[in-house]
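A.B. asks: Sequence and computational prediction follow.
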Amino acid sequence: MSKAFDPAQTLRWLSRRLASPQWSQGGLALEGALGERPARARRFDDGPTLALRLETGEDDARRVCLSLAATEEALDDAAYLAGGRLWLLRRYPPCLTETELELLLKQQLALAQLLERKPEGQAAARPLPGSYA
C-alpha cells in the first residue's frame, strides 16, 4: 500500500526526483529540474504547488490559457508568465498517496508537452483592422 504524504513530505519526495534541487531558507520552496524541464514547487497548508516551465514564449500565453480553460481535467492547473517565460502551475491536494502523486506528476508533465505543441495549420496572425500590413 502506498503511504500518504502531507505537503512537506510531498516536497521532500519531489526533491529526490529533481536534478540540482535548491531549497529556500524556510524550506517552503524548492527549485530544480525535472529531467530537462525547470521546475518550482512551494508548500502551502492547503496543498503544495508545482510549476513546470513551458518551452513557449509570451506569444503562446493566450493559446495555452484557452486550452487550460477548455480542458475539464485541468481545473487545478493555471499558466503564468515570469521573466518572459510561461509556466504551467498545478495545485496538488494537501494529502495524497505516493501513487497518486506519481500519477498526477506524470499527468502534469504530459499536459506540459501537449501545451507546448503548436496546432498544425495554425493560421498566421492577422493584421489589425484598418492597418495596411
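C.D. replies: Noted; the coordinates are in hand.

A.B. asks: Distance of the residue nearest to Leu86 when sequence neighbours are not counted relative to Arg37?
C.D. replies: What sits nearest to Leu86 in space, not counting adjacent residues and going by Cβ to Cβ, 6 or more residues apart in numbering, is Leu54, at 4.5 Å. (Glycine included, C-beta is placed from N, CA and C.) Distance, Leu54 to Arg37, by Cβ to Cβ, to the nearest Å: 9 Å.

A.B. asks: same thing with Gln113?
C.D. replies: Distance check for Gln113 against Arg37: by Cβ to Cβ, it reads 9 Å.

A.B. asks: Between these two, tell me which one has more neighbours.
C.D. replies: Neighbour count, other Cβ atoms under 10 Å: between Gln113 and Arg37, Arg37 has more, with 17 against 13.

A.B. asks: In this structure the more buried one contacts Gln108, no?
C.D. replies: No. The pair Arg37 / Gln108 is not scored as a contact, 10.2 Å apart, by Cβ atoms under 8 Å.

A.B. asks: shared neighbours of these two, which are they?
C.D. replies: Applying Cβ atoms under 8 Å, 6 or more residues apart in numbering, one finds that Arg37 and Gln108 are jointly contacted by Leu52.

A.B. asks: any chance you could map the helices in the protein?
C.D. replies: 7-15, 61-69, 98-116 (DSSP state H).

A.B. asks: and of those, who's closest to Arg85?
C.D. replies: Comparison of the helices of the chain against Arg85 by Cβ to Cβ identifies helix 61-69 as nearest, at 10.3 Å.

A.B. asks: Show me what the closest one is in contact with.
C.D. replies: Contacts for helix 61-69 (Cβ under 8 Å, 6+ apart): 54, 56, 74, 77-79, 81, 86, 88, 114-115, 118-119.

A.B. asks: rerun at 10 Å
C.D. replies: 54, 56, 60, 74-75, 77-81, 86-89, 111-112, 114-116, 118-119, 122 (Cβ atoms under 10 Å, 6 or more residues apart in numbering).

A.B. asks: Check stretch 103-112 too.
C.D. replies: Contact with stretch 103-112 is made by 10, 13-14, 17, 34-35, 37, 39, 50-56, 64, 67-68, 71, 73-74, 76-77, 86-90, 92-93, 96-97, as judged by Cβ under 10 Å, 6+ apart.
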